[in-house]
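>>> Make a model of this:
(chains A and B)
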Amino acid sequence: MSIIYLMIPLALVLVAVAVWALVWAIRSGQFDDLESQGWSVVLDDDEKPPADKEEGEP
Amino acid sequence: MTEPRPACFHCGEPCEDDRFHVEWEGATRPVCCAGCQAVFELIHRAGLGRYYRFREGEGVRAPGDPEALADDWSAIDRNPAFRGADLGDGFFELMLQVEGVHCAACAWLIRSRLEPLAGVRRVSVDIASGFTQVEYIPEQAPPSRLAHELARFGYRPHLPLAGDAERVRLDERRAAMRRLGVAGLGMMQVMMYAVGLYAGDALGIGETARRFLAWTSLLVTIPVVFYSGLPFFRGAAAALRARRPGMDLPVALAIGIAFGASCVNFLRGQGDVYFDSVVMFVFFLSIARYVQMSQRQRNARAGAALARLLPEWADRLADNGTERVPAALLVAGDHVRVKPGRAFPADGVITEGRTRVDEAVLTGESRPAWRTVGDAVVAGVVNRDAPVTLEVRHAGAETAISALGRRMLAARGEHRTGLADRLAGAFIVAVLVLATAAAAWWSWADPARALPAALAVLVVSCPCALALATPAALAAASRALLKRGVLLSRGEALEPLARADTVVFDKTGTLTLGEPTLEHILLNPARAEWTDEQALAIAAAIEADSAHPLARAFTPGGTLPRAERARLHVGAGLSAHIDGHRYRLGTAALVGMPDDAGDEGIWLADDQGWIATFRVRDRLRDDAVEVTRALRAAGVELRILSGDDERAVSEVADALGITHWQSRQAPDDKIAALEQLRAAGRTVVMVGDGVNDAPVLAAADASISVHGATELAQGAADMALVGAGLAGVTTARDMAIRTRRLVRQNLAWAIGYNTLAVPLAFSGWLQPWMAALGMSASSLLVVGNAARLARPGS
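Model prediction:
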């Protein structure tokens, strides 16, 4: 059973990493929009807007 | 005349004629106007045609002329106050509110158009609110350029006035998410150690290992209590200071006592520790808190939608002509010029000119009214005919329409608490009393067992099943309703909806379609040479250039004769020359008929006299009769509260067999009528669509906005119908009744379980691990039961 004295601190380190990752993800806005990113897989493929698209009028 | 017109492929509005088409995926699709056609072509040519495949709902109608919009926005380019936050590296962050964002495809379209522009770095779009953040260099990509680009694709950008508020909301949301995440991860850990401790109790465990597990539990619990649980302690402290105990107080007490006692036991080295209960408690309450916050933010956004009704720009009279200024910067005493077709930017008095104004937005009255020098107009009302000068009396937050929005939010704020809230509050108090009683009893009987017994009561009654009973059912109901075309935005509204005995409808736009349809043509029998078609073609030609809402009623197919020298007769109608003949179209007086010949109609005459009369009426929604009949059959009393005049309301009421109706109701009157009904002990459901309905929608026990409702009404209502008819009202009511039954089953189970388990814990018979097992099983049962709602049928 003495293995738990190693495993549990390790688990705590992992949790700390998980919390850090979560905070980082939230801070960088990854959870702000949970919908449109999923669609980007379907939408953003080879059909790019033409490169010579007009630059718009001032 | 009333056969359905095809929906525009781009914006979904009915096409008035078949002049405009687009080619898409090998088929010809109708569009309603040149604007929509241009937007389609642009989207298609840019290789973004897949937008049409993935979007949900229709696009917005092309917002007029992008050039004019860019022209308006050029004032922003010169005003550094509107640049947004300086990011330091030459980039600024502009917060725009974009109208017309419905779905992921819209967000994608906006991103893929703006991001390639020179000087734009990053674009993010929030689908729910339409708030769009753009990181840009003002010199390279001025705001007017961004606005122009958005407008070319059919989206209408609005001034970033609410930008700061949105930033605060975003921070609040992120902080809540962090707290929830820490509580969730902490809970997983502590529960894991708790399994070890409970298993140790049952199978035997060394004292060192036991201490170690307790130590780690404590270590993980500390951040959960003091970080994730902080809002509860703050709330409790605020409640104490204000001497108004709220829900936070018992919650904070429970967390504090359970955590404190566990720490004491842990340090003493004897007695049980309840860190698992503490973290679970914090986690579940944080979820509830997060959901509440999301709802509150949605309400606040509905308030922000108000800003869109007001024009952003005003033409202020200056020494040399006019200058364009943001409407928010107007002050009382300014004089502004308002062109026809534009909304008034502020409340004020007309000092020059004479025009018709469309007040539908405020009063629901569908016919334009005349306003001239000395008459007061309010912001948001649309100027129809002629340019006028307005002396500003109230601007910005002091306008009548802003007050309307505040009233709506206030009605929202004092919204009745649901059954679940009341129960949960009572439940927590009961648990606290019981725990105290257990402590008192045992300190008299056996002081050594006082704390363990008191804590056992707290643990075993961990309100998991109770906390889940209602949300699980509401989540299932909300999913099921969405499949049936009802978008539920406030789940608690299902409870009053289920027991509602009165349904109040708005008329224009709710029971009816809200747009005039030509119903009947009466020809002058003495003028046999005229046919319906000829008369209609002449009338349509005269009305073709008119912004009058009734002009929309004249929509014959084919080409129209050309009307020349069209003239507006103030308060009466129009005249024009067609093929050398002069025609007049308007009131009975204009065509020289006696006024008592019936004013309900539009009269057409030439120089020889009366030709025909067109009867125009706002048509009922297709299923209005069936839905009202079904509701009445279910024993619900129906009422109409409308801003329209008596005649129009009684006509609709008669057609639907509704005996209780009131006409000419201003928003305040509607609220008063509603309060009267509620004071009489009725539970009232409000169904509406207009801005003027928003406060009363917010004040009703439950409220539903119909398809095509204004954004403000949708924000104020508890649920929105996605489909065109009214059938969703009965669907929602049926679902609400099923949900209520299910919630009762769930609550009965959860309370039954607790009444059984708490006495056992009170008497010290219940081992904590048994309680944990029972608690989980009971939660699973509750969730499983709720899933039945999503099943079709019954």
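>>> C-alpha from now on. contacts and neighbour counts both.
OK.
>>> Tell me the spacing between the spatially most distant residue from the centre of chain B and B:Asp618.
Ranking residues of chain B by C-alpha distance from their mean position (CA atoms, centre = their mean) puts B:Gly206 at the top, at 58.4 Å. Look at B:Gly206 and B:Asp618: by CA to CA, to the nearest Å, they are 82 Å apart.
>>> how far away is the residue farthest from the centre of chain B from B:Thr399?
From B:Gly206 to B:Thr399 the distance is 73 Å (CA to CA).
>>> Now B:Cys263: closest residue in space that isn't a chain neighbour?
B:Val273 (7.4 Å; CA to CA, 6 or more residues apart in numbering or on different chains).
>>> Doesn't the one you found belong to a strand?
No. Counting by DSSP: H, G, I helix; E, B strand; the rest coil, B:Val273 is not part of a strand but coil.
>>> so it touches B:Asn265, yeah?
Yes. Using CA atoms under 8 Å, B:Val273 is in contact with B:Asn265, at 6.4 Å.
>>> which of those two has more neighbours?
Neighbours per residue, other CA atoms under 10 Å in any protein chain shown: of B:Val273 and B:Asn265, the larger number sits with B:Val273, 26 against 17.
>>> Now do the same contact list for that one.
By CA atoms under 8 Å, 6 or more residues apart in numbering or on different chains, B:Val273 lies in contact with B:Ala214, B:Ala261, B:Ser262, B:Cys263, B:Asn265, B:Phe266.
>>> Angles on the backbone of it, please.
Taking degrees, to the nearest 10, you get phi -110, psi 150 for the backbone angles of B:Val273.
>>> Distance-wise, check it relative to chain A.
To chain A, B:Val273 is 19 Å away according to CA to the nearest CA, to the nearest Å.
>>> Report the secondary structure state of the most centrally placed residue in chain B.
Among the residues of chain B, B:Gly715 comes closest to the average C-alpha position under CA atoms, centre = their mean, at 1.8 Å. Recorded secondary structure, B:Gly715: helix (three-state DSSP).
>>> In helices, which of the contacts of B:Val273 appear?
B:Ala214, B:Ala261, B:Ser262, B:Cys263, B:Asn265, B:Phe266 (DSSP state H).
>>> Just the buried subset of these, written out for PyMOL, thanks.
For the buried members of the ones in helices among the contacts of B:Val273, the matching PyMOL selection, counting by 16 or more other CA atoms under 10 Å in any protein chain shown, is:
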select buried, chain B and resi 214+261+262+263+265+266
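>>> Quick one: the ones in helices among the contacts of B:Val273 as TSV, columns for pLDDT too.
Formatted as TSV, those follow (pLDDT from 0 to 100):
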residue	pLDDT
B:Ala214	89
B:Ala261	80
B:Ser262	84
B:Cys263	89
B:Asn265	81
B:Phe266	86
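>>> Tell me the one of the ones in helices among the contacts of B:Val273 nearest chain A?
Of all the ones in helices among the contacts of B:Val273, the one sitting nearest chain A is B:Ala214; the distance, using CA to the nearest CA, is 11.7 Å.
>>> gap between the closest one and B:Ala761?
22 Å.
>>> how about low-confidence regions in chain A?
For chain A, the stretches flagged by pLDDT under 70 are A:1, A:33-58.
>>> For stretch B:783-794, output the C-alpha coordinates as PDB.
This file holds the C-alpha atoms of stretch B:783-794, laid out as PDB (Å, rounded to 0.1, in the frame of the first residue of the first chain):
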ATOM      1  CA  VAL B 783     -31.700  11.900 -14.200                       C
ATOM      2  CA  GLY B 784     -32.900   8.700 -15.800                       C
ATOM      3  CA  ASN B 785     -36.500   9.600 -15.000                       C
ATOM      4  CA  ALA B 786     -36.100  13.100 -16.600                       C
ATOM      5  CA  ALA B 787     -34.700  11.500 -19.800                       C
ATOM      6  CA  ARG B 788     -38.200  10.100 -20.400                       C
ATOM      7  CA  LEU B 789     -39.400  13.600 -21.400                       C
ATOM      8  CA  ALA B 790     -37.300  13.600 -24.500                       C
ATOM      9  CA  ARG B 791     -39.200  10.600 -25.800                       C
ATOM     10  CA  PRO B 792     -41.800  11.500 -28.400                       C
ATOM     11  CA  GLY B 793     -45.500  10.700 -27.800                       C
ATOM     12  CA  SER B 794     -47.700  10.700 -24.700                       C
END
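>>> top helix in chain A by residue count?
Assigned via DSSP H, chain A shows its longest helix as helix A:4-27.
>>> try chain B
Max-length helix for chain B by DSSP H is helix B:163-203.
>>> if you average pLDDT over that helix, what comes out?
In this model, helix B:163-203 has a mean pLDDT of 85.
>>> Make TSV from the contacts of B:Val273 and add distance to A:Val15 to it.
Converted to TSV, the contacts of B:Val273 look like this (distance: CA to CA, whole Å):
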residue	distance to A:Val15
B:Ala214	17
B:Ala261	26
B:Ser262	23
B:Cys263	22
B:Asn265	26
B:Phe266	23
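>>> Quick check: the two most widely separated of those?
Taking CA to CA as the measure, the contacts of B:Val273 span a maximum distance of 13.4 Å, between B:Ala214 and B:Ala261.
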